[in-house]
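Visitor: fold the stuff below for me.
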Amino acid sequence: MSEATALRELVILSLRDPAQAARVVLGMSLPREVLWTALMLMAVLNTLIYSLTNMAAPGPSPLPAAFSSPAFYFFFVAGGLILIVNAVYWTGRAFGGQASMTDVMAVIVWLQFLRVLVQGLALVLLLTVPLLSALLVLAAILVGLWIFVHFVDQAHRFNSPGKAAGVIVAAFFAMVLGISILLALIGVSVPTGAVNGL
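Guide: This is a model prediction of the structure:
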């Protein structure tokens, strides 16, 4: 089986059976150095698609002016991803989870890869069928949350999607607090909606 085929099948499995997909991702046992590189690559791809979207559909943005800078947006996304990894790890451990930091990084990297795929498709639809682009984004948010719950559940070995959902809620508030403090230190205020977009 080629790598491209295996990747496509894992994407499909993530939609059909996210718990099994999470076990596959965790079973890869990728080194932390590889995961750090992949995490930063996801931040780069997020920034690229964000910049292309702004070029394709220019107009007023709800985000502060600083976010118009690709460099600033990259550091914001990269910092946000690091906060997400730590929030899910530490919150999960507080709930009795057993994930290692590497486990959490692996599932977050894969979830971000799925998100980049959706963003890329949404950008294509934005240029062709804008209504479908909006519907895709909405559907991706709902399906993404469902996948996220199962991935966190498998990473922390809860065997309880309800507990995993609680971890995600607690981690979200911890992440928002962390990002708010970080941005306050550099003198930038950001709406909650921007944090939700990470």
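Visitor: give me the most central residue, this protein.
Guide: Centroid check for the chain by Cα atoms, centre = their mean gives Gln112 as the closest residue, at 4.0 Å.
Visitor: what about that one, distance to Ile179?
Guide: Using Cβ to Cβ, to the nearest Å, we find Gln112 at a distance of 16 Å from Ile179. In short, each C-beta sits where N, CA and C put it, glycine included.
Visitor: point out where this protein drops to low pLDDT.
Guide: Applying pLDDT under 70 to the chain flags the ranges 1, 58-66, 182-183, 186-198.
Visitor: where do the helices of it begin and end?
Guide: All helices of the chain, identified by DSSP state H, fall at 3-16, 18-27, 32-56, 70-94, 101-128, 130-155, 161-185, 192-196.
Visitor: so what's Ser14 closest to, chain neighbours aside?
Guide: Leaving aside its sequence neighbours, Ser14 sits nearest to Ala21 (Cβ to Cβ, 6 or more residues apart in numbering; 4.1 Å).
Visitor: so how many other residues sit close to that neighbour?
Guide: Here the number of neighbours of Ala21 (other Cβ atoms under 10 Å) works out to 24.
Visitor: which ones are touching it?
Guide: Under the criterion of Cβ atoms under 8 Å, 6 or more residues apart in numbering, the neighbours of Ala21 are Leu10, Leu13, Ser14, Trp110, Ile147, Phe151.
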